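# okay, sequence plus prediction incoming.
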Amino acid sequence: MRAGIVAAGIGGFVLAKRSIDKKRYENMKHREEVLIYTDQRRMASLPQLDVSKLKIVQDLEIEMMSDMYNKMTTACNKKCIPSKYRDPSLTKGESVCLDRCVAKYLDVHERIGRKLTQLSMQDEELIKQIQAEQ
């Protein structure tokens, strides 16, 4: 009887984990689609660049993403993992904290990117209007 309860509990946990993993995957795919769409819009609005300038833009983007990743890693580790830990592996609480921290960090990063893109496009429109009036 007890083994049946344990098996049912484990089965429920596995199903819940699969459901969470599926939702994470769907959220990740949605974020990826939004980022691709945003990048395509941004690239379409950029003037045609020669190869050397495009390489500089790519290098800057890689540097910015690397910086964001390092800041996210540092912030989430500082928040979720105590400095004096005893276990060599993450506890369940630490794993959940890290997962949520990274999700929030990426969500905020995406929102800020969208807002900056929007402000940049508004500035470009304003510049065009001013130039048209002159």
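Great, that's in hand. Because the structure is predicted, anything quoted here is derived from the model rather than measured. Numbers count the residues shown, from 1 in each chain.
# could you use CA atoms for every contact and neighbour count after this?
Will do.
# mind listing the helices for the protein?
2-45, 51-80, 92-133 (DSSP state H).
# quick one: mean pLDDT for the last one?
To tie it back to what came earlier, the one meant is helix 92-133. For helix 92-133, mean pLDDT is 88.
# that helix versus helix 51-80: what angle between them?
Helix 92-133 runs at 140 degrees relative to helix 51-80, counting by axes from the mean of the first three to the mean of the last three C-alpha atoms, to 10 degrees.
# what is helix 92-133 packed up against?
The contact analysis (3 or more C-alpha pairs under 8 Å, 6 or more residues apart in numbering; DSSP states H and E) places helix 92-133 against helix 51-80.
# relative to Leu60, how far out is Leu54?
10 Å (C-alpha to C-alpha, to the nearest Å).
# ok, now Asp50?
On the measure of C-alpha to C-alpha, Asp50 and Leu60 end up 16 Å apart.
# ditto for Met72
In terms of C-alpha to C-alpha, Met72 sits 18 Å off from Leu60.
# ok, those two, which is more surrounded?
Met72 (17 against 12; other C-alpha atoms under 10 Å).
# now do the contacts for that one.
Met72 makes contact with 102, 105, according to C-alpha atoms under 8 Å, 6 or more residues apart in numbering.
# same thing with the one 3 residues further on?
Under the criterion of C-alpha under 8 Å, 6+ apart, Ala75 has no neighbours.
# distance check, it against Ser89.
Applying C-alpha to C-alpha, the value for Ala75 to Ser89 is 19 Å.
# next one: Tyr105
Distance from Tyr105 to Ser89, by C-alpha to C-alpha: 23 Å.
# those two: who's more crowded?
The neighbour count for Tyr105 versus Ser89, taken as other C-alpha under 10 Å, is higher for Tyr105 (19 against 9).
# confidence score at the nearest residue to the more buried one once chain neighbours are set aside?
Leaving aside its sequence neighbours, Tyr105 sits nearest to Met72 (C-alpha to C-alpha, 6 or more residues apart in numbering; 6.7 Å). Note on Met72: pLDDT of 91.
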